[in-house]
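>>> dropping a prediction and its sequence here:
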Amino acid sequence: MNWEVYLYGLYAMLALGFAGWLISLYRNNVTHVDSMWSVFFVVAGFTYASQISSDSNRTLIVLSLLTLWALRLCIYLTWRNWGPHEDHRYAVIRSNNSPGFAFKSLYIVFGLQALLAWIISLPLLGAVNSMQPMNILDYIGIALLSFGLFWETLADWQLSVFKANPENKSKVLSSGVWRYSRHPNYFGECCVWWGFYLIALAAGAWWALPSALLMSLLLLKISGVSLLEQTIRERRPEYAKHMRTTNAFIPGRPRKSK
C-alpha cells in the first residue's frame, strides 16, 4: 500500500471539506454536504491516479465508472435537496450542537464526511496502484458495479416520480424495484462499492476490504436503513405492512402479509 499517495488523497479531501464548510457559513446551511459526498471520491481517485501516473486500462475504467457514479449521485442529491431550508437530519444535528454549531460543523459534518470517504476510497487507490493485467475478478467487479449503478438510478427515479404525485403523500411506494426491497437505492449503492472492491482485489489490493465493509455498515446500520426506518413508520402508516411483506435490503420475492 502506498501510504504517501493515500495521505495526498486525505489532504485533497480535507481541502474540499473545508471549502464546503466555508460555503455553509455563507448559506447558514450544511445540507450541500450530501451533494459533496460523491465528489470526495472523484477528488480522491484522480489524486491517486495523478500521483502514481498510471494510465492502465484498469485505472481508466475505474476513473470513468467513478465519475459516472459521482455525477449521477451529485446531480440527483442537489436537485432533491435544492432550497433554502436545511435538511431535517442536519437541523437536528445543529440543534444538538448549538451554540457554536457554525464552527463545530467543520469537524462534525464536513471533516467527518471527508474522513469516512477517505477510508472508503481505499479500492480506488488499490486499483490505480497496480500494473497487474486485468483478470476475471475485474470483469465481475465491473458487472456488479454497473448493476448497482443501474439499480440505484432506477430506484431513485421511481421514487422521484412517486413523490411528485401529491396523491401519494403519506403512502408507501411498493411497485417497481421497491416491490422487492424497502431500500433498493441503498442496495444498489452497496453493490457499487463491493464492485470497486473486487476490482481492487483483482489488482492485488486485498487490504481495501475495510472500504466495502464500512460502506455496508453505514448503509445498513448507521446513516441508511436503520436511520430512515426510525421515523418512516410514523410518517407513513402503511409502512408497517410493507415491512412485513418486503425485504429490507437484499431484493427478494414479496411475502404474503400475515
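The structure has been received and is ready for your questions. Model, not experiment: these values are computed from the prediction. Numbers count the residues shown, from 1 in each chain.

>>> got the CA positions of stretch 81-101 in PDB?
Taking C-alpha atoms only, stretch 81-101 is exported to PDB below (Å, rounded to 0.1, in the frame of the first residue of the first chain):
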ATOM      1  CA  ASN A  81     -32.300  19.000  -1.700                       C
ATOM      2  CA  TRP A  82     -32.400  22.300  -3.600                       C
ATOM      3  CA  GLY A  83     -33.900  25.100  -1.500                       C
ATOM      4  CA  PRO A  84     -33.100  27.400   1.400                       C
ATOM      5  CA  HIS A  85     -34.200  25.000   4.200                       C
ATOM      6  CA  GLU A  86     -31.800  22.700   5.900                       C
ATOM      7  CA  ASP A  87     -32.500  19.000   5.700                       C
ATOM      8  CA  HIS A  88     -34.200  17.800   8.900                       C
ATOM      9  CA  ARG A  89     -31.300  15.500   9.800                       C
ATOM     10  CA  TYR A  90     -28.800  18.400   9.800                       C
ATOM     11  CA  ALA A  91     -31.300  20.600  11.600                       C
ATOM     12  CA  VAL A  92     -31.400  18.100  14.400                       C
ATOM     13  CA  ILE A  93     -27.600  17.900  14.500                       C
ATOM     14  CA  ARG A  94     -27.400  21.800  14.500                       C
ATOM     15  CA  SER A  95     -29.900  21.900  17.400                       C
ATOM     16  CA  ASN A  96     -28.000  19.200  19.400                       C
ATOM     17  CA  ASN A  97     -24.700  21.100  18.900                       C
ATOM     18  CA  SER A  98     -25.700  24.600  19.500                       C
ATOM     19  CA  PRO A  99     -24.400  27.100  20.400                       C
ATOM     20  CA  GLY A 100     -21.300  27.100  18.200                       C
ATOM     21  CA  PHE A 101     -22.500  24.800  15.500                       C
END
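
>>> phi, psi for Ala15 please.
Dihedral angles phi and psi of Ala15 (degrees, to the nearest 10) take the values phi -60, psi -40.

>>> middle-most residue in the protein, spatially?
By CA atoms, centre = their mean, the chain has its centre lying nearest to Glu189, at 6.1 Å.

>>> can I get the helix or strand harbouring that residue as PDB, trimmed to CA atoms?
Using DSSP states H and E, Glu189 sits within helix 184-202. Extracted C-alpha coordinates of helix 184-202, given in PDB (Å, rounded to 0.1, in the frame of the first residue of the first chain):
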ATOM      1  CA  PRO A 184     -33.300  -0.700  -3.300                       C
ATOM      2  CA  ASN A 185     -31.200   2.500  -3.700                       C
ATOM      3  CA  TYR A 186     -29.100   1.500  -0.700                       C
ATOM      4  CA  PHE A 187     -28.700  -2.000  -2.100                       C
ATOM      5  CA  GLY A 188     -27.500  -0.600  -5.400                       C
ATOM      6  CA  GLU A 189     -25.000   1.700  -3.600                       C
ATOM      7  CA  CYS A 190     -23.700  -1.300  -1.700                       C
ATOM      8  CA  CYS A 191     -23.200  -3.200  -5.000                       C
ATOM      9  CA  VAL A 192     -21.300  -0.300  -6.400                       C
ATOM     10  CA  TRP A 193     -18.700  -0.300  -3.600                       C
ATOM     11  CA  TRP A 194     -18.400  -4.100  -3.500                       C
ATOM     12  CA  GLY A 195     -17.800  -3.800  -7.200                       C
ATOM     13  CA  PHE A 196     -15.000  -1.300  -6.700                       C
ATOM     14  CA  TYR A 197     -13.500  -3.700  -4.100                       C
ATOM     15  CA  LEU A 198     -13.500  -6.600  -6.400                       C
ATOM     16  CA  ILE A 199     -11.600  -4.600  -9.000                       C
ATOM     17  CA  ALA A 200      -9.100  -3.600  -6.300                       C
ATOM     18  CA  LEU A 201      -8.800  -7.200  -5.300                       C
ATOM     19  CA  ALA A 202      -8.100  -8.200  -8.900                       C
END
